[in-house]
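Chemist: How does the following fold in three dimensions:
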Amino acid sequence: MARIAFIGLGAMGFPMAGHLARAGHVVTVYNRTTAVAEQWLEKYSGTLAITPAAAVTEAEFVMCCVGNDDDLHAVTLGAEGAFSAMPKGSVFVDHTTASAQLARQLAAQAKQRGFDFLDAPVSGGQAGAERGVLSIMVGGEAGVYERVAPILDSYAQMQRLMGDAGSGQLTKMVNQICVGGLLQGLAEALHFAQCAGLDAEAAMQVIGQGAAQSWQQQNRYQTMLAGEFDFGFAVQWMRKDFAIAFDEARRNGASLPVTALVDQFYAEVERMGGARWDTSSLIARLTAQAKK
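Modeler: Next up, the predicted model:
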């Protein structure tokens, strides 16, 4: 049993913190909107803190899952941020999808202040968080990761140390690059099947047993065919993640032509009113074009 603080109770953090409480850990939660933290306390055992600093004062491990670099900077180094009150020898584990640059900066700040930092973005979406079957890609020191790994098992089905600070975030960029390309390919395949007069669902069932099988193909084709997108990982968040990857690519020299094209397609989906639609909504763009 460990003393754990969890900062950020959004679609991902809410169930992740819940798994820690169910595992028997002593959990203190902080969320920018206090009402959400109060809702969490109605469902799970724990305590509420009104600032990030107050949440971490007695924590051995601090988990964080917020929206972007600005949010992460605010809850760590901002006014009443967690880094001002982290106990010596504790570990801050960041599950936010953020930039590798910020991860490296926070790791250096943590070291100076006498505690450790891991960047540990996750993949698996809200459903994976709720079921406790996330994949976690971690950057940081091996010894620190070994301390944290049993805690992460509370909501992970796969976790791996990828290298030094920032490596977790770089691996999450690899994940998002793959997902974007897969979804565009799936959208085009379904659109083609419909235009060709095929039973698109039957086609997916057949190819789902072959080389075209993927998580996206198995879990998204039915809702894509139904035009249902009011769930899942929002287009605006995928574009945020793409922007992080493009920024990193400019530094490391990587070429991302397909990802750049998919980002343009997502921009069109946003103009259709789909900023909060699931990322599988790429098919809606093709359907709309076909009707013109």
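Chemist: ranges for the strands of the stretch 101-250 of the chain?
Modeler: Under the criterion DSSP state E, counting those that start in this stretch, strands of the stretch 101-250 of the chain are mapped to 116-119, 122-123, 134-139, 156-163.
Chemist: mind checking the end-to-end distance for stretch 11-30?
Modeler: 14 Å (C-alpha to C-alpha, to the nearest Å).
Chemist: Equivalent analysis for stretch 139-159, please.
Modeler: End-to-end distance for stretch 139-159, by C-alpha to C-alpha: 11 Å.
Chemist: returning to that earlier point: winner for burial among the strands of the stretch 101-250 of the chain?
Modeler: Comparing those by mean neighbour count (mean count of other C-beta atoms under 10 Å), strand 116-119 ranks first with a mean of 28. (Each C-beta comes from the backbone N, C-alpha and C, glycine too.)
Chemist: Output it as CSV, nothing but the C-alphas.
Modeler: C-alpha atoms of strand 116-119 as CSV (Å, rounded to 0.1, in the frame of the first residue of the first chain):
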residue,chain,number,x,y,z
ASP,A,116,12.4,11.8,-9.4
PHE,A,117,10.3,12.2,-12.6
LEU,A,118,9.1,9.8,-15.2
ASP,A,119,7.2,10.7,-18.4
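Chemist: What is it packed up against?
Modeler: Helices and strands touching strand 116-119, by 3 or more C-beta pairs under 8 Å, 6 or more residues apart in numbering; DSSP states H and E, are strand 91-94, helix 100-113, strand 134-139, helix 142-152, helix 167-195.
Chemist: Run through who's touching the first one.
Modeler: Contacts to strand 91-94, defined as C-beta atoms under 8 Å, 6 or more residues apart in numbering, come from residues 60-65, 72, 76, 82-83, 86, 103, 106, 110, 115-121, 144, 147-148, 151-152.
Chemist: Just the buried ones from those?
Modeler: 60-65, 72, 76, 82-83, 86, 103, 106, 110, 115-121, 144, 147-148, 151-152 (16 or more other C-beta atoms under 10 Å).
Chemist: which one is residue 73 nearest to, not counting chain neighbours?
Modeler: Excluding its sequence neighbours, the residue lying closest to residue 73 (C-beta to C-beta, 6 or more residues apart in numbering) is residue 102, at 6.9 Å.
Chemist: From residue 32, how far out is that neighbour?
Modeler: 18 Å (C-beta to C-beta, to the nearest Å).
Chemist: what does residue 207 give?
Modeler: Taking C-beta to C-beta, one finds residue 207 at 44 Å from residue 32.
Chemist: same question, residue 201
Modeler: Residue 201 is 42 Å from residue 32, by C-beta to C-beta.
Chemist: of the two, who's got more company?
Modeler: residue 32 (16 against 13; other C-beta atoms under 10 Å).
Chemist: which residues sit in contact with the more buried one?
Modeler: Contact analysis of residue 32 by C-beta under 8 Å, 6+ apart lists residue 8.
Chemist: Residue 15 too?
Modeler: Neighbours of residue 15 in contact, by C-beta under 8 Å, 6+ apart: 126, 129, 130, 132, 155.
Chemist: Report how many residues lie close to the second one.
Modeler: Okay, so that is residue 129. Residue 129: 24 neighbours (other C-beta under 10 Å).
Chemist: got the contact list for it?
Modeler: By C-beta under 8 Å, 6+ apart, the neighbours of residue 129 are 11, 12, 13, 14, 15, 16, 122, 155.
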